[in-house]
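Colleague: Predicted coordinates and the sequence they were generated for:
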Amino acid sequence: MKCGVVVFPGSNCDHDCLYALGQIPNATAAPVWHESTDLSGLDCVILPGGFSYGDYLRSGSLASHSPVMQAVRRFAASGGFVLGVCNGWQVLLEAGMLPGAMLPNRSLKFRCRYVTLRVDNVHTPFTTQYSEGQLIQLPIAHGEGNYWIDDAGLRRLQSNGQIVFTYADRDGTASSEANPNGSIANIAGICSPEGNILGMMPHPERAVESILGSVDGAAVFASVQAFTQCKSRVHHAIQGGTH
Amino acid sequence: MEFTAEVYVTLKPSILDPQGSAVGSTLSDLGYTEIHEVRVGKYLTLNFEAQDQERAQQQLNELCQRILSNPVIEDYRFKVVEVGR
Amino acid sequence: MEFTAEVYVTLKPSILDPQGSAVGSTLSDLGYTEIHEVRVGKYLTLNFEAQDQERAQQQLNELCQRILSNPVIEDYRFKVVEVGR
Amino acid sequence: MPLATNYWQKLGLTNEEYATIAKRLERVPNELETALFAVMWSEHCGYKHSRRQLRKFPTTGPFVLQGPGENAGVLDIGDNQAIVMKIESHNHPSAIEPYQGAATGVGGILRDIFTMGARPIANLNSLRFGSLQVPRTKYLLAGCVAGIAGYGNCTGVPTIGGEVQFYDCYTGNPLVNAMAVGLLDWDMPLARGSAVGVGNPVLVVGSATGRDGIHGATFASVELTDTSEEDRPAVQVGDPFAEKLLIEACLEAIKTGFIVGIQDMGAAGLTSSACEMADRGGCGIEIDLDLVPRREKAMTPYELMLSESQERMLMVARKGTEGQVIRLFDRWGVKATVVGHVTADSQLRLLQQGQVIADVPASLLADAPVYTPAASRPTYLSKAQSFNPHTLPVPADLTELLGQLLESPNITSKWPVYEQYDHMVQTNTVVPPGADAAVIRIKGTKKAVAFTTDCNPLYCYLDPWTGAAAAVAEASRNLVCSGAKPMAITDCLNFGNPEKPEVFWQFSQCIDGMVSACRTLDIPVISGNVSFYNETNGAAVYPTPVVGMAGLITDLNRLTPMGFQEQGDLIVLLGETLPELGGTQYLKVVHGLEQGTPPTIDLGKECRLQSLILRAIEDGLVASAHDCSEGGLAVTIAEACFAGGHGATVFLLDHMENKAALLFGESQSRVVISVNERQLASLQRLAGAFEVPCQLIGRVSGQSLTIRVSSDPDISGQIVVDAPITELKSRYDQGLLKALA
Ligand SMILES: Nc1ncnc2c1ncn2[C@@H]1O[C@H](COP(=O)(O)OP(=O)(O)O)[C@@H](O)[C@H]1O
Ligand SMILES: [Mg+2]
């Protein structure tokens, strides 16, 4: 699997993503500059966390207009995998590539801590290595993760299975105590209807080594890796047939 | 021609405003009980060049829609004035 | 009587506005080169109770000075209107 | 306009200083030149009252690559890697505008780090506020923490540790000390803040210059009085986004080898950076002020030279490379502009419209006079020290007392503060905030580095020498408990007005105490900062010599947690509990007193204790280690329970008739460790060899903390503390929120 990690001015989890991907067998990763429009040869594009353009105006808003985002849009439209983590999800929302919007945390404070997540959809390219309803521990670190969408939009997310991660208690309940930021329906991550675009507030790249406290994030990258391998095998088979 | 614009960006009324409610509850903690609702929005001022008032209006509207506000959650309003008028 | 107020809080002119300058330079990167300066401030709306217009003004002024702005780096301006008028 | 006679006094120069300048220049300086001297010879830039004292610190040692004198100190951690660190105060700006004051404090200290070519890998912050009964204290705390978070989080540097304490003396003058740490691969020469190579271009890099913080340097050198609320524009606004770009661009630029010297623009802006670079390089610098990018119209030379606009650097590039350098910065959206060049004559020369408007020797500007003010022992000391706390009644319910201490502001968990800091970014934080020391692993190696900041200002107030020695000892002990060998100190000395003999006495006593501890424990000082004039309406803060310290863990396997690990492990107290209650949190919380003789410190004993712990960890004997500090033995044991999620049954021999001293006394040189039962004999043997008292005091067991006290080892004694861990922990966790509500 070849991943590109986009570097916007102000991205600060780009190095962490590159490092985490280095821990995943059969994955390679390279940075993609925000002015670049060439994503050819990549299987997956990651929009990392950080404070793109200082998060000025609205988190992710200025970055969503950068040249690379035109390319990311085309890349996704042609079926490429796009993962937006934290600020990366905010960029995807501002770019209109995922529905809804982000508001400041209910507490108005930045929060950095581990949270428990329930995996609600294991059929996306990013989550096949999890089991349905599995509870995982990932860190969050954000000031604006209070996801909002209107009622109709929420119903659509629910009925399409687009809710991928939900903040939950230790017993799996999406209680308000388990909600770190006020996000609607405790939503921690959503995907596009086709499943190839995922946006999430928690940081899987910070949880790929036990020395850091959790390895629960590794499955996100391992899932894409496995999915890509599978996809290319199918691709080969089809191409082989036409030879 | 040089124009100056004032842009007001506010959260849509249906959306809970975390910042506004925080200010509101701080105020009532401090004893300002007569305050009922507070909402916090953005107030931007821009200086820019345009051919005439009509284009200025049009350009600004596009700017507001594309960048200065997020139509999913925000409304906007603006005023354009020619500088030196 | 019920009043509604609009409060504008802006950074003092001599103070750096990092947000405004980042927005300004990004807008020019995006091709809106005719934009010269952007400054970003706050726009608050409040509903509140007061005895009369004069006290309403007075109360709001105090509020702005003590809480809604930081006089060290910000200026403020406001408008008070009686509701239903 | 004719100048007022003695106008230099308004700028902060004394008549004698002005006369010295004129004599050494062999002419009368013009007004601009006088202003340059005034800032460079201010306390803030010139260290007039502290320089002689600071020379007492040991500054060399096996780890030291660069001691004091550069922008930050540098430590060799092997494999051609180095740690760069420095601490700095931003007390006065934070008192007036807490968010921006604290934020720009972080920004400034980060620039000191990446100026050296090091990537910033950690921030720490040491905060002191006044009474929580005063509403403004909550505002200051919230603002400072949000400002530190806002800046550190945006720049992508994890904030991994620090302190927050509350004493009434800080009500009008909070302390905000920011420390930063960087990692450097020194396969090439260190980047240095010096101007060399005649003809090399001098560049201003980063944000445009505005009228921010003019007088900032002199302002920090004058006592805060009520009028300073009017002095407001002296506060600057930080732009962490600009800083982040500056970090990336500078690190990339330094790697090219095109950069000869680089220096951040801190206090006194262009003046001090140009002057210091010229002085260090033994060269001159000529600057054409017309070329300096500015944010505002009609700025005077004085304003351009003194502006403290943030996120700016001064740089000397190799001649001919300036085009490439400018393009490199431009790619990051950072403006770099040639404003002058290096000259052979060691003058700082300023030009405007082709005219020379200032021309003075850089070395003279950098050579502020050194004073040794009068010192006298403060009168409060005899009374405070003679107070005897042992006659006070001890409350009957010691379980409740433990709960009270656990939720008291100086002991309670600071999670509501550090939760606002991104302490995980860069994915190296192996011990996050909450333990004795924070630990950062070095990717690609088995190594890790540990950091802490410490100072108990109440001890320092009650006995400056002892308090300062204890600060060094505690910092070192915190590192040792995590398994790290202490390498070096960066110190931030916060005091009142040094021109007052009592304050200067406190200052010199503290220095002497630190020096003794540094020498005995063999830990040099490699960088630091002095902040004087921390007073409100004539009353000085407690002497507060904050010790920031770095330690090295050569093998991550030796990383030692502070919490109890396994049910059944034995709990051992290393060190000795003496009947000491002066200056304790027990006295403060229960009796409302900040009095008495603080715990004594025997540095030889401390040194043996720390050597023992490191050795025991190396031998694999230690399951967990936590040092005793504020709140004493009972609090230490409770914290080890919380951190590990286990209960404990403890039995203490009472040899001194005062249960408060036994449980809550703060005797120095003590550590609570837990060991597997099979290791006990080895540990005892080792402790004997190091001559450290080693007392088996209990066992990790269940989910409650039970403490029994008896005066006879054969009698089971009386249960004095008994509570479920969850109950105690909830008080420990809720304390700060409760105090702030
Ligand atoms: N301002 C702060 N920022 C980050 N971490 C903090 C801060 N204040 C306290 N902490 C963390 O809380 C823990 C307890 O602090 P403290 O009581 O000062 O520890 P100790 O007594 O061991 O020196 C430490 O891990 C410390 O780093
Ligand atoms: Mg400790």
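Modeller: Ah, there it is. Numbers count the residues shown, from 1 in each chain, chains lettered A, B, ... in the order given. Ligands and ions are numbered 1, 2, ... in the order given.
Colleague: Give the buried residues for the lengthiest strand in chain B.
Modeller: When chain B is parsed with DSSP state E, its longest strand is strand B:35-49. For strand B:35-49, a neighbour-count test (16 or more other C-beta atoms under 10 Å in any protein chain shown) marks B:35, B:38-48 as buried. Bear in mind the C-beta positions are built from the backbone N, C-alpha and C, glycine included.
Colleague: Going by neighbour count, list what's buried in stretch D:507-515.
Modeller: Residues of stretch D:507-515 classed as buried: D:507-515 (neighbour count, 16+ other C-beta under 10 Å).
Colleague: Quick check: D:Gly582 touching D:Gly596?
Modeller: Yes: D:Gly582 is within contact range of D:Gly596, at 2.4 Å (criterion: C-beta atoms under 8 Å).
Colleague: Can you tell me how far the nearest residue to D:Pro62 once chain neighbours are set aside is from D:Tyr167?
Modeller: Spatially, and ignoring its direct neighbours in sequence, D:Pro62 is nearest to D:Asp76 (8.0 Å; C-beta to C-beta, 6 or more residues apart in numbering or on different chains). Distance from D:Asp76 to D:Tyr167, counting by C-beta to C-beta, to the nearest Å: 38 Å.
Colleague: again with B:Ser69
Modeller: As defined by C-beta to C-beta, B:Ser69 lies at a distance of 47 Å from D:Tyr167.
Colleague: higher neighbour count, those two?
Modeller: B:Ser69 (26 against 20; other C-beta atoms under 10 Å in any protein chain shown).
Colleague: I'd like to check which residues are in contact with that one.
Modeller: By C-beta atoms under 8 Å, 6 or more residues apart in numbering or on different chains, the contact list for B:Ser69 reads B:9, B:75-76.
Colleague: More neighbours: D:Gly582 and D:Gly596, which one.
Modeller: In terms of neighbours (other C-beta under 10 Å), D:Gly582 is the more surrounded of D:Gly582 and D:Gly596; the figures are 26 against 22.
Colleague: Give me the pLDDT value at the more buried one.
Modeller: Listed pLDDT for D:Gly582 reads 96.
Colleague: can you count the residues close to residue 7?
Modeller: With no chain named, the answer covers chain A. 23.
Colleague: meant chain D, my bad for not saying
Modeller: Applying other C-beta under 10 Å, we find 14 residues neighbouring D:Tyr7.
Colleague: gap between it and chain B?
Modeller: 39 Å (C-beta to the nearest C-beta, to the nearest Å).
Colleague: which residue sits closest to B:Tyr8, ignoring its sequence neighbours?
Modeller: Ranked by C-beta to C-beta, 6+ apart and with sequence neighbours excluded, the top spatial neighbour of B:Tyr8 is B:Arg77, at 4.6 Å.
Colleague: which element is the one you found on?
Modeller: Here B:Arg77, judged by DSSP states H and E, is contained in strand B:74-82.
Colleague: and if you look at B:Leu63?
Modeller: helix B:53-63.
Colleague: Any part of that helix near chain A?
Modeller: No: using C-beta under 8 Å from any C-beta of the partner chain, helix B:53-63 stays clear of chain A, coming no nearer than 11.3 Å.
Colleague: Now that helix: buried residues?
Modeller: Buried-residue list, helix B:53-63, by 16+ other C-beta under 10 Å: B:56-57, B:59-60, B:63.
Colleague: out of the residues you listed, who's nearest D:Arg280?
Modeller: Comparing the buried residues of helix B:53-63 against D:Arg280 with C-beta to C-beta places B:Leu63 closest, at 48.5 Å.
Colleague: tell me the secondary structure for residue 144?
Modeller: As the question left the chain open, I've gone with chain A. Recorded secondary structure, A:Glu144: coil (DSSP: H, G, I helix; E, B strand; the rest coil).
Colleague: Actually, chain D is the one I wanted.
Modeller: What three-state DSSP gives for D:Cys144 is helix.
Colleague: about what we covered before: can you name the residues that contact the residue nearest to B:Tyr8?
Modeller: For B:Arg77, the contacting residues are B:7-8, B:10, by C-beta under 8 Å, 6+ apart.
Colleague: Secondary structure class of whichever residue of chain A sits closest to ligand 1, three-state.
Modeller: Closest contact between chain A and ligand 1, by C-beta to the nearest ligand atom, is at A:Cys112 (10.8 Å). Using three-state DSSP, the structure places A:Cys112 in strand.
Colleague: shouldn't it be in contact with D:Val417?
Modeller: No: the pair A:Cys112 / D:Val417 is not scored as a contact, 11.2 Å apart, by C-beta under 8 Å.
Colleague: Show me which of these two is the more surrounded one.
Modeller: Using other C-beta under 10 Å, the more surrounded residue of A:Cys112 and D:Val417 is A:Cys112, with 25 against 22.
Colleague: In terms of pLDDT, where does the residue lying closest to that one once chain neighbours are set aside sit?
Modeller: Residue nearest to A:Cys112 in three dimensions, not counting chain neighbours: A:Ala141, with 4.1 Å by C-beta to C-beta, 6+ apart. Note for A:Ala141: predicted pLDDT of 98.
Colleague: immediately after the helix or strand harbouring A:Ala141, which helix or strand?
Modeller: Per DSSP H and E, A:Ala141 falls inside strand A:135-142. Next along the chain after strand A:135-142, taking DSSP H and E as the criterion, comes strand A:146-148.
Colleague: right, is that next one up against chain B?
Modeller: Yes: interface with chain B: strand A:146-148 contributes A:146, A:148 (C-beta under 8 Å from any C-beta).
Colleague: Just list what that strand packs against, helices and strands only.
Modeller: strand A:101-103 (3 or more C-beta pairs under 8 Å, 6 or more residues apart in numbering or on different chains; DSSP states H and E).
Colleague: Wondering if the strand it packs on reaches chain B at all.
Modeller: Yes: for strand A:101-103, a contact with chain B is found by C-beta under 8 Å from any C-beta, at A:101, A:103.
Colleague: what's that strand packed up against?
Modeller: Helices and strands touching strand A:101-103, as assessed by 3+ C-beta pairs under 8 Å, 6+ apart, comprise helix A:87-94, strand A:146-148.
Colleague: Pick the most buried one from the ones you listed.
Modeller: Burial of the helices and strands packed on strand A:101-103 is given as mean neighbour count (mean count of other C-beta atoms under 10 Å in any protein chain shown); helix A:87-94 ranks first at a mean of 29.
Colleague: Report all helices and strands that it contacts.
Modeller: strand A:44-47, strand A:81-85, strand A:101-103, strand A:197-200.
Colleague: I figured the residue nearest to D:Pro62 hits D:Gly61, correct?
Modeller: No: D:Asp76 is beyond contact range of D:Gly61, at 10.0 Å (criterion: C-beta under 8 Å).
Colleague: what pLDDT does the residue of chain B most remote from its centre get?
Modeller: Distance from the centre of chain B peaks at B:Gly31, with 28.5 Å (C-alpha atoms, centre = their mean). Among the per-residue scores, B:Gly31 shows a pLDDT of 78.
Colleague: Nearest to ligand 1, out of the buried residues of helix B:53-63: which one, please.
Modeller: Relative to ligand 1, the closest of those is B:Leu63; by C-beta to the nearest ligand atom it sits at 40.6 Å.
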